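heads up, no residue letters with this:
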């Protein structure tokens, strides 16, 4: 591994750091492959391999709940650890945590082993996905954050789709357990080798950026960083700032949490709803695939777009579009209609998803940006847990699956309106800090 350069010699920007940027982009691709292998094929194993009763909706929802709470917690841990240990070490720990997963799938005698593998997956995803994103943000310039988030999320979610297809063929040709074992082992070992040989720690880039701000030599407009936080904040100080002491961060975190309700709905209820409407399993796959494809591909456009037009409008529009798309699913019938509503929902997610992360990064000071992103991702991925609980309660209480759709649609619209009220434009070029009068902290 090369020695770290002095901070003054480090420059920011994708072009200046293209090699490391591409390495980090490939890392998140491998992260997406890892969750993709568990998300598509493993549920199919539940009945045939582990004796889980058919129609066990409660068990499936619990699976999503557990994943969300574990991943959210690890996002929080990853951000703080990365500022003490560096990004690279945390990334490596995340991949080492994933090593038992292929073996648990290959040799697991019961569904409990798969649940244990999912817990490890949550730890792996929380550490590695957070670090791959944080490292790219360290390397690039403020005006590239939307582009960075768009590329990051496209790479990860494209990999999820690729893993679903590849593991499907491997499972058909080699057997489900063997196919997943080979796929998982190759992906995880490749990631570890790449981290050890080529990935560099990007924490020095974050320190260089911080040093330029401190020296007053930073170029470009200054972001509206919160002011009611110390220079070296504690974990609790950053957590409270993100969660309620800065109304803009609160608005972004609540939107991140609620938008996961939509993905939990697609994961748990879309297949059940569409199958009950008479679609075959391949047809269900295509409708759900429209959602994922539109979401993944559109982020290549919506991420950079937010660098030009700002963050606030795309996020609010995305929240409202998602709510409308989910509601439309119940207001028509036929594969074409459901695909259309899935596309609306997917495009809404593309508008809001990379932009929320870019918005947090805009107004998080480089000194504690890793922690801020970790805490934002903590709240965001708790949305899987709270969302799945809400879906289950709504459906069970009403006795109808449609209630879960309305629960999500209304939640998305209300959350978008709350963000429009409490949030503000965070792009430093469009809403820079007042250098004569430091940006006052605006609390709830």
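Arrived safely, thanks for sending. Quick caveat, the model's predicted, so the values are computed rather than measured.

and residue 385, how many neighbours does it have?
Counted with other CB atoms under 10 Å, the neighbours of residue 385 add up to 23. C-beta: built from backbone N, CA, C; applies to glycine.

And for it, nearest residue in space, chain neighbours not counted?
Leaving aside its chain neighbours, residue 385 sits nearest to residue 68 (3.7 Å; criterion: CB to CB, 6 or more residues apart in numbering).

so what's that neighbour scoring on pLDDT?
Looking at residue 68, its pLDDT reads 81.

Would you mind measuring from it to residue 200?
Using CB to CB, to the nearest Å, residue 68 is found at 31 Å from residue 200.

between these two, who's got more neighbours?
Per other CB under 10 Å, whichever of residue 68 and residue 200 has more neighbours is residue 68, with 25 against 22.

For stretch 185-201, buried residues please.
Neighbour-count burial for stretch 185-201, with 16 or more other CB atoms under 10 Å as criterion, is recorded at 185, 187-188, 191-192, 194-195, 199-201.

Apologies, that question was intended for stretch 293-307.
Here stretch 293-307 shows 293-296, 298-300, 302-307 as buried, counting by 16+ other CB under 10 Å.

pLDDT below threshold where in this structure?
Filtered on pLDDT under 70, the chain yields the residue ranges 1-8, 39-63, 213-220, 281-282, 435-444.

Just give me the neighbour total for residue 172.
For residue 172, the neighbour count with other CB under 10 Å is 10.

Excluding chain neighbours, what is closest to it?
Sequence neighbours aside, residue 179 is the residue nearest to residue 172 in space, at 7.7 Å (criterion: CB to CB, 6+ apart).

Next one: that neighbour relative to residue 146, how far apart?
37 Å.

Which one of those two is surrounded by more residues?
The neighbour comparison of residue 179 against residue 146 (other CB under 10 Å) goes to residue 146, with 28 against 21.

Specify the next element, helix or strand, located C-terminal of the one helix or strand that one maps to.
Secondary structure from DSSP states H and E places residue 146 in helix 145-174. Per DSSP H and E, the first helix or strand lying C-terminal to helix 145-174 is helix 176-197.

what sits up against that next one?
Here helix 176-197 makes contact (CB atoms under 8 Å, 6 or more residues apart in numbering) with 23, 26-27, 30-31, 33-34, 37, 41-42, 44-45, 48-49, 88, 91-92, 95-96, 98-99, 101-103, 105-106, 128, 163, 166-167, 169-174.

mind listing the strands for the protein?
Applying DSSP state E to the chain gives no strands.

Nearest to residue 284 among the buried residues of stretch 185-201?
In terms of CB to CB, no member of the buried residues of stretch 185-201 lies closer to residue 284 than residue 187, at 26.2 Å.

Brilliant, that's me finished.
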